[in-house]
Structure formats: C-alpha cells, structure tokens
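1. Could you work out the structure for the sequence below:
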Amino acid sequence: MTSMDQERWHKVKAQLRNQLGEDVFSSWFGRMELEAVEKEAVRLSVPTRFLRTWIQSHYSDHVLARWQAEDPSVTRLELSVRSAAIKPLAPKPKPAEPATQAREHHNGMNGFESRASVPAMTMHEALGGSPLDPRLTFDTFIVGRSNTLAQAAARQVAACRRGEQLMFNPLYIHAAVGLGKTHLLQAITWAGNGADRKVLYLTAERFMYGFVSALRSQTTLAFKEAVRAIDVLVIDDLQFLQGKSTQAEFCHTLNALIDAGRQVVIASDRPPADLESLDDRVRSRLAGGLVVEIGSLGEELRLEILKSRVAAARLHHPGFEVPAPVLVFVAKSVTHNGRDLEGAVNRLLAHSKLSGQPVTLEMAEREMRDLIRPAEPKRVRIEDIQRVVARQYSVSRADLLSSRRTANVVRPRQVAMYLAKILTLRSLPEIGRRFGGRDHTTVLHAVRKIEALAGTDPAFAEEIEVLKRQLQD
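-> Take a look at the predicted model:
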C-alpha cells in the first residue's frame with residue numbers, strides 16, 4: 001500500500017464526513033481502516049460483523065463512488081472483519097458482541113439528534129429507511145372533505161416534539177389504492193425528521209427484509225434496539241406483513257414503542273379488524289389509537305388535484321396550458337384515484353409536447369378513453385359482510401368465527417355465509433375457511449337454510465335485502 005493510497009483514503013474519509021456529518025461518520029466509519037489497494041479492488045476492514053453488514057447494505061455505493069472520484073480504475077469494494085490475528089491492536093470480539101452491536105447501531109442513530117444541518121434525505125437513508133419521494137410533503141397534499149381528518153391528524157403527529165404528550169398513538173390511516181396514504185406518511189417523515197426527533201419510514205416489505213437479514217447475519221438484537229430507538233416509526237402497507245416470526249417481532253416493537261411513549265404511524269388498505277393475518281393483540285393495539293379512513297375523492301377535490309398537477313408540470317414546461325373546460329371534463333370522468341389523475345395530466349403533457357398542438361377538449365376525450373372506466377359494482381369482501389352482519393345482529397365478529405352453537409349466533413353466521421356466497425366470487429371451501437375453518441357442506445347448508453327462510457318469511461327477506469344494500473352502496 002503506497003502513500004498515494006493513504007492520501008486517497010484520507011480524502012475519501014473527508015468527503016464522507018462532509019456529506020454525512022461528524023456524528024454519523026464517527027458512528028459508522030470511525031473504525032474503518034484501509035487494508036490494501038490491489039488491481040481494481042479496494043480492501044477495507046471494520047472490527048465487527050454488524051458494522052460490515054450495515055455498511056454493505058447502506059453505504060458501499062457511497063464509499064465506492066468516493067474512491068472512483070479519486071481513482072477511476074477502482075471498480076470493486078471489499079469489506080472484511082478484522083481479527084486479532086490480523087490486527088493485534090484491534091479489540092477482540094467478545095461473546096456479548098450482539099449487545100455491543102446494538103449499542104453501535106443505537107449510537108449511529110442518535111448522531112442525528114444534533115445534526116439539524118444534515119439534509120432530511122441523507123438522515124433518513126442513514127437510518128435505513130425506505131426511499132422517500134421529495135414531492136410528497138404537506139405543502140403538496142390537496143385537502144378535501146374525504147381526507148381532512150387524516151391530514152389534520154398527520155400534521156399533529158409531525159408537529160409534536162420529543163417529551164410532549166402524544167395525542168394519537170398509534171395513528172392508523174386506511175384507504176383504497178391511490179387516495180393519499182403514502183403521501184401523508186412520507187409528509188410526516190419529511191416534516192418530523194430533524195434535530196429534535198428521529199423519524200423512520202419503512203414499508204412492510206422493508207421491515208420484513210431488515211428483520212430477515214438480521215436473522216441471517218445473527219444481528220437481531222441490534223435490529224430490535226435500532227428500531228426501538230426511533231422516536232417516530234412510520235410503517236406503510238401493513239397488509240403485506242407476512243411470516244409468523246416477522247409479525248411477532250412487529251408486535252413486540254409496536255408494544256415497546258407505544259409503552260415507551262414513542263409515536264407509531266401505520267397505513268393499510270383496510271381497518272385493523274380486517275387484518276386477519278395479524279395477531280388479535282396487534283389488531284387490538286392498533287384499534288386502540290386513532291383509526292382514520294380516507295374516503296374516495298370527490299369531484300371538487302379531483303379538480304383541485306388536477307390544477308395542482310398542472311401547475312407543477314408548468315414549472316418544467318412553461319408553455320403547458322390546460323383550459324378550464326378540459327380540467328372539468330377530466331375531473332368528472334377520471335374518478336378512481338389520484339394516480340389516475342396524475343396519469344391523465346402526464347398524457348396531456350406528452351401529447352402537447354410531442355405533437356406541438358394545444359390541449360383541447362376533443363384531444364382530452366380521445367386521450368382519456370381508457371382511464372374513463374365504466375361504473376363497477378362495489379367489490380364486497382367477506383370481512384365487510386362479517387362486520388355488517390355482526391353489527392346488525394348485535395354479536396361480535398369473533399362470535400361468527402367461533403364454534404358457538406347458540407341460536408343468537410347460528411342465525412347471523414348463516415346469514416353472513418349466505419351473503420358471502422351471493423355477493424362474492426369466493427368458493428364454498430374458501431368461505432368455510434374464512435368462517436373459522438368450517439367445511440364447505442356447512443356453508444352449503446347455511447345458504448339453503450337462508451334461501452328457504454327468505455322464501456317463506458317476507459320480513460326476513462326484506463332484512464336480507466337491507467343488508468345487501470348496506471354492503472353494495
């Protein structure tokens with residue numbers, strides 16, 4: 001290893017320190033050493049496996065890019081764990097290394113508390129969070145009747161400071177696809193990450209990946225301590241959380257954070273009671289906070305979203321204009337979600353730029369054809385049926401799934417099975433499984449029983465029709 005190599009290493013470290021800040025640099029790179037520069041590879045070493053795993057996952061591209069700026073011939077970065085045989089002065093790993101690893105991870109995160117000058121994106125990346133979209137802030141979130149409560153609750157969470165009383169914990173936001181859940185969660189992350197608090201945004205998939213990686217690398221204690229040291233944990237798409245061990249870890253993390261007075265924010269496509277794959281204790285804990293639903297976008301809100309998207313596009317394409325009648329037409333016609341609206345604006349922009357022609361109503365009608373979907377009947381879920389029937393007959397959803405055979409439970413259960421058969425595309429075995437693991441013959445008997453009763457009792461038939469309308473409206 002030449003003096004030139006050492007000089008380059010000092011420059012690389014200086015650039016990393018400037019980019020990430022002194023606290024982050026000292027936590028992750030303070031004990032990294034240059035071992036050798038051989039042909040096209042740079043060999044670096046760290047004292048623990050945890051540091052190697054974390055740096056490989058989060059910083060290897062940063063380090064390699066800095067090296068290539070100094071020496072373009074370098075194409076590969078090799079990171080090893082030092083041992084006492086190689087480096088006599090390096091501390092020998094102790095049996096209690098996982099606890100040491102946890103402290104290292106914890107300290108690395110604490111470095112952000114005093115680094116308000118570090119950009120939020122860099123801070124969030126160093127925490128190991130999922131990617132953030134810089135456009136998804138509170139300033140760009142359009143508020144309407146369907147999302148006012150969710151937006152206000154999200155702002156309240158983002159504005160709260162460490163040590164203050166938490167008003168909503170956990171905050172649970174649920175909605176269909178494209179209605180703004182992810183926008184609000186990332187807005188909380190952008191607004192809350194700073195010198196006062198550490199906010200970590202993770203998709204359920206990223207949480208699973210982190211936990212499984214920790215299991216494989218035997219750093220689960222470090223993973224647990226790192227996540228539980230977060231001031232605000234934001235989890236998106238909770239419905240995708242799979243695996244018994246991962247769900248158990250999420251349950252423990254959720255309880256630990258809430259009991260310690262840390263904020264938890266969750267988003268999903270359904271309310272907590274409908275997350276059947278999760279443990280009852282987790283669903284109960286989630287339902288114990290503030291549960292907010294974002295409804296479908298009204299026409300006025302869709303129009304405001306379109307105006308906002310057009311204004312944003314005009315910043316990069318000054319000549320882009322969409323006449324008011326075209327905006328009104330798109331707002332009336334494209335009704336499903338915000339992503340379809342953004343796609344509509346992109347189509348108008350592409351046509352205008354590529355053809356050189358102004359946006360007209362006729363052109364919009366032609367370009368929007370496949371986005372204007374025919375009105376579809378509402379998709380009814382078995383969970384919805386169970387909830388509505390349980391409420392109608394004053395029993396619990398757990399009663400419908402139980403083995404109880406009392407009359408006040410059997411009849412509602414049969415009604416729910418009947419509605420599941422006629423309002424969904426689920427098979428009899430699938431319906432039976434969703435009702436506590438019953439056989440398909442039990443479901444068939446329930447369907448025939450309810451059909452017979454409805455055919456002889458007009459009052460009961462009307463009762464069934466009322467339940468159908470509630471589920472389909």
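
2. first vs last residue of stretch 33-44, how far apart are they?
-> 6 Å (C-alpha to C-alpha, to the nearest Å).

3. and that stretch, what's its mean pLDDT?
-> The average pLDDT for stretch 33-44 rounds to 85.

4. which residues touch that stretch?
-> The contact list for stretch 33-44 (C-beta atoms under 8 Å, 6 or more residues apart in numbering) reads 1-2, 5-6, 9, 32, 45-46, 63-64, 67, 71, 73-80, 82, 87. Yep, even glycine has a C-beta here, placed from its N, CA and C like the rest.

5. if you look at these, which of them are in helices?
-> Secondary structure from DSSP state H places 5-6, 9, 63-64, 67 of these in helices.

6. which two in those are spaced the farthest apart?
-> 6 and 64 (18.0 Å; C-beta to C-beta).

7. Pick out whichever of those two has more residues nearby.
-> residue 64 (16 against 12; other C-beta atoms under 10 Å).

8. Give the full set of residues in contact with that one.
-> Contacts for residue 64 (C-beta under 8 Å, 6+ apart) come out as 42, 74, 76-77.

9. at 6 Å what do you get?
-> residue 77 (C-beta atoms under 6 Å, 6 or more residues apart in numbering).

10. Tell me, how many residues neighbour the nearest residue to residue 208 once chain neighbours are set aside?
-> Once flanking residues are discounted, residue 208 sits nearest to residue 246: 5.0 Å by C-beta to C-beta, 6 or more residues apart in numbering. For residue 246, the neighbour count with other C-beta under 10 Å is 18.

11. Next: the one 10 residues further on.
-> Other residues within reach of residue 256, judged by other C-beta under 10 Å, total 13.

12. So it sits against residue 228, correct?
-> Yes. The pair residue 256 / residue 228 is scored as a contact, 5.0 Å apart, by C-beta atoms under 6 Å.

13. sorry, back to before: give me the buried positions along the helix or strand that the residue nearest to residue 208 is a member of.
-> Using DSSP states H and E, the element containing residue 246 is helix 244-259. For helix 244-259, a neighbour-count test (16 or more other C-beta atoms under 10 Å) marks 246-247, 249-250, 253-254, 257-258 as buried.

14. Over to stretch 288-308?
-> 289-294, 297, 301-308.

15. measure it end to end?
-> 36 Å.

16. In a strand, residue 234, correct?
-> Yes. Counting by DSSP: H, G, I helix; E, B strand; the rest coil, residue 234 is located in a strand.

17. So what pairs up with it in the strands?
-> For residue 234, the beta-bridge partners are residue 201, residue 265 (DSSP bridges).

18. For the stretch 51-200 of the chain, give me the ranges with low pLDDT.
-> For the stretch 51-200 of the chain, the stretches flagged by pLDDT under 70 are 83-128, 193-196.

19. so where do the helices sit in it?
-> Listed in chain order, the helices of the stretch 51-200 of the chain (DSSP state H, counting those that start in this stretch) span 60-70, 97-110, 120-126, 148-159, 181-192.

20. Over to the stretch 301-450 of the chain?
-> Using DSSP H, counting those that start in this stretch, helices in the stretch 301-450 of the chain cover 324-333, 338-355, 361-367, 382-392, 397-401, 407-423, 428-434, 440-456.

21. So which of those helices is nearest residue 152?
-> helix 338-355 (18.6 Å).

22. chain center to that closest one: distance?
-> 27 Å (C-alpha atoms, centre = their mean, to the nearest Å).

23. which residues sit against it?
-> Residues outside helix 338-355 that contact it (C-beta under 6 Å, 6+ apart): 178, 305-306, 309-310, 313, 320, 322, 330, 334, 359, 367-368, 371.

24. Tell me the most packed of those residues, by neighbour count.
-> Of those, with other C-beta under 10 Å as the count, residue 330 tops at 28 neighbours.

25. pLDDT weak spots in the stretch 351-473 of the chain?
-> Ranges of the stretch 351-473 of the chain meeting pLDDT under 70: 370-378, 473.

26. For residue 25, which non-adjacent residue is closest in space?
-> That would be residue 17: by C-beta to C-beta, 6+ apart, it lies 4.3 Å from residue 25.

27. didn't that neighbour look like it was pressed against residue 29?
-> No. Counting by C-beta under 6 Å, residue 17 stays clear of residue 29, with 7.8 Å between them.

28. Looking at these two, which one has more neighbours?
-> Counting neighbours by other C-beta under 10 Å for residue 17 and for residue 29 shows that residue 29 has the greater number, 20 against 15.

29. What's the separation between the residue nearest to that one when sequence neighbours are not counted and residue 68?
-> In space, and not counting its chain neighbours, residue 29 is closest to residue 16: 5.8 Å by C-beta to C-beta, 6+ apart. The spacing between residue 16 and residue 68, counted by C-beta to C-beta, to the nearest Å, is 14 Å.

30. ok, now how distant is residue 244 from residue 271?
-> For residue 244 relative to residue 271 (C-beta to C-beta), the value is 22 Å.

31. per-residue confidence for the residue nearest to residue 237 when sequence neighbours are not counted?
-> Distances taken as C-beta to C-beta, 6+ apart put residue 204 closest to residue 237, at 5.0 Å, once the chain neighbours are dropped. pLDDT recorded at residue 204 is 86.

32. Domain-wise, how is the chain divided?
-> Domain ranges of the chain: 3-94, 138-293, 299-371, 382-472, per automatic domain parsing.

33. Could you work out the most separated pair of the buried residues of helix 244-259?
-> 246 and 258, at 18.6 Å, using C-beta to C-beta across the buried residues of helix 244-259.

34. re earlier: between the buried residues of helix 244-259, which sits nearest residue 399?
-> residue 247 (24.3 Å).

35. residues contacting the residue nearest to residue 416 when sequence neighbours are not counted?
-> Once flanking residues are discounted, residue 416 sits nearest to residue 389: 4.3 Å by C-beta to C-beta, 6+ apart. Shown in contact with residue 389 (C-beta under 6 Å, 6+ apart): 412, 415-416.

36. If you rank these by neighbours, which is first?
-> residue 416 (29 neighbours).

37. Wait, that one touches residue 385, no?
-> Yes. The pair residue 416 / residue 385 is scored as a contact, 5.4 Å apart, by C-beta under 6 Å.

38. Residue 467: what's it in contact with?
-> No contacts exist for residue 467 under C-beta under 6 Å, 6+ apart.

39. rerun that using 8 Å as the cut-off
-> 388-389, 392, 415, 419.

40. Compute the inter-axis angle for the helix or strand containing it and helix 407-423.
-> Using DSSP H and E, residue 467 sits within helix 458-472. Here helix 458-472 runs at an angle of 60 degrees relative to helix 407-423 (axes from the mean of the first three to the mean of the last three C-alpha atoms, to 10 degrees).
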